[in-house]
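**Student:** Here's a sequence, model it:
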Amino acid sequence: MSPHERERLTAAYTATRYVIRPHPSTGGVEQILRAGALHPALDATLAARGHREWAFLTAWNPGSQWRSAEENRREQERLIAQLVAGGWAVASALGEADDGSWCEQSLFVPGLPREEAARFGRAYGQVAVLVGRTGGQAELMFCEEAHTPAP
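**Tutor:** The predicted structure is shown next:
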């Protein structure tokens with residue numbers, strides 16, 4: 001990815017509301033995340049449930065390139081099935097541009113380690129995923145740069 005393209009996408013992803021729909025894992029209330037921001041209410045809820053980290057990801061529009069709604073739905077369902085089969089709780093979510101120019105169905109996964117989030121992101125062609133740890137800022141993590149160290 002060129003430096004210009006990375007800068008453009010970083011600006012777009014930073015100007016995004018990451019909305020978690022009400023779910024038991026998040027206290028049954030809608031939560032709104034922002035890259036670079038703290039989320040103390042969410043952190044408290046997650047910590048009370050034994051989670052130290054989380055991920056916000058999607059299978060929609062790989063490479064930030066438009067794809068049909070049917071293709072997006074099919075891949076999103078496959079991602080959900082893989083997460084659930086792995087024992088992860090999955091909360092429905094939505095990533096939406098502040099200016100309303102785009103939105104994508106997404107998923108919030110409490111407890112999912114950042115390395116796993118990057119692995120899922122790469123597997124589904126995503127440029128980046130949003131990850132966080134309780135007490136820390138939400139972090140935009142570019143999937144191409146996030147590699148799990150060798151054992």
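**Student:** CA atoms for contacts and neighbours, from now on please.
**Tutor:** OK.
**Student:** Backbone dihedrals for R133, please?
**Tutor:** Note on R133: its backbone torsions stand at phi -130, psi 150 [degrees, to the nearest 10].
**Student:** show me what contacts it?
**Tutor:** 43, 52-54 (C-alpha atoms under 8 Å, 6 or more residues apart in numbering).
**Student:** If it is in a bridge, with which residues?
**Tutor:** With DSSP bridges as the criterion, R133 is bridged to E53.
**Student:** Please report the distance of S25 from F56.
**Tutor:** 13 Å (C-alpha to C-alpha, to the nearest Å).
**Student:** For those two, indicate the residue with more neighbours.
**Tutor:** Using other C-alpha atoms under 10 Å as the criterion, S25 and F56 rank with F56 on top: 30 against 19.
**Student:** got a list of what the more buried one touches?
**Tutor:** 18, 106-109, 117, 129-131.
**Student:** one more time with 7 Å
**Tutor:** The contact partners of F56, by C-alpha atoms under 7 Å, 6 or more residues apart in numbering, come to 107-109, 129-131.
**Student:** same deal with G28?
**Tutor:** By C-alpha under 7 Å, 6+ apart, the residues touching G28 are P22.
**Student:** For it, give its distance to A15.
**Tutor:** Relative to A15, G28 is positioned 25 Å away (C-alpha to C-alpha).
**Student:** Could you give the separation between the terminal residues of stretch 45-55?
**Tutor:** Stretch 45-55: ends 15 Å apart by C-alpha to C-alpha.
**Student:** what comes up buried for it?
**Tutor:** In terms of neighbour count (16 or more other C-alpha atoms under 10 Å), stretch 45-55 has its buried residues at 45-47, 51-55.
**Student:** Next: stretch 76-84.
**Tutor:** For stretch 76-84, burial by neighbour count (16+ other C-alpha under 10 Å) applies to 76, 79-80, 83.
**Student:** ditto for stretch 117-125
**Tutor:** 117-122, 124-125.
**Student:** average model confidence for that stretch?
**Tutor:** For stretch 117-125, the mean pLDDT works out to 95.
**Student:** Likewise for stretch 14-27?
**Tutor:** Averaged across stretch 14-27, the pLDDT comes to 92.
**Student:** do stretch 83-95 as well
**Tutor:** 96.
**Student:** Can you give me the end-to-end span of that stretch?
**Tutor:** End-to-end distance of stretch 83-95 (C-alpha to C-alpha): 19 Å.
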